[in-house]
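Visitor: A predicted structure for the sequence below; I have some questions about it.
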Amino acid sequence: MDNTALVTNAYNQIAEKYTDQYFYDATDYPFVDNFLHLLPVDGKILDVGSGPGNFSRYIKEQGYAIEGVDLSEKMIVVLLCRAKRGKAKLQNNFRIGSNRPLRRR
């Protein structure tokens, strides 16, 4: 059973509240840092399921190039609005989409 539409709709509905609650939540930064230490300093990262860019913003601040993709159009809209207002400091390298085309066959 494919629940993609259900999940996408749910995140579209909660995008603003989710962003307000979690955008600056640093709870998971130590885990992100552990991952970043495995990469070259000039590494490029694809944030699949980027949401409103909360981890992307942090990763960008650590000096990495980042692109993101999320199923939720509203999450991407929130991310781009914050970027335009200077709160996210992210370029427009984020798109609506799925990780499914990335799967190995």
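Guide: Everything's here; your move.

Visitor: C-alpha only now, for contacts and for neighbours.
Guide: Will do.

Visitor: My reading is that I66 lies in a strand. Confirm?
Guide: Yes: counting by DSSP: H, G, I helix; E, B strand; the rest coil, I66 falls inside a strand.

Visitor: Tell me how many other residues crowd the closest residue to it other than its chain neighbours.
Guide: Computed as Cα to Cα, 6 or more residues apart in numbering, the closest residue to I66 that is not its neighbour in sequence is I45, at 4.8 Å. The tally of other residues near I45 (other Cα atoms under 10 Å) stands at 16.

Visitor: So that it lines up with my notes, have the first residue be 45 from now on.
Guide: Understood, numbering begins at 45; the last thing we discussed is I89.

Visitor: pLDDT (mean, whole number) over the longest helix belonging to the chain?
Guide: Secondary structure assigned by DSSP state H gives helix 48-66 as the longest helix of the chain. Averaged over helix 48-66, pLDDT sits at 94.

Visitor: Can I get the very next helix or strand once past that helix in PDB, CA atoms only?
Guide: Following helix 48-66 in sequence order, the next helix or strand is helix 73-80 (DSSP states H and E). Only the C-alpha atoms of helix 73-80 are listed here, as PDB (Å, rounded to 0.1, in the frame of the first residue of the first chain):
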ATOM      1  CA  TYR A  73      22.700  18.400  16.000                       C
ATOM      2  CA  PRO A  74      25.100  16.100  17.700                       C
ATOM      3  CA  PHE A  75      23.900  13.300  15.400                       C
ATOM      4  CA  VAL A  76      24.200  15.500  12.400                       C
ATOM      5  CA  ASP A  77      27.700  16.500  13.500                       C
ATOM      6  CA  ASN A  78      28.700  12.800  13.700                       C
ATOM      7  CA  PHE A  79      27.500  12.400  10.100                       C
ATOM      8  CA  LEU A  80      29.300  15.500   8.900                       C
END
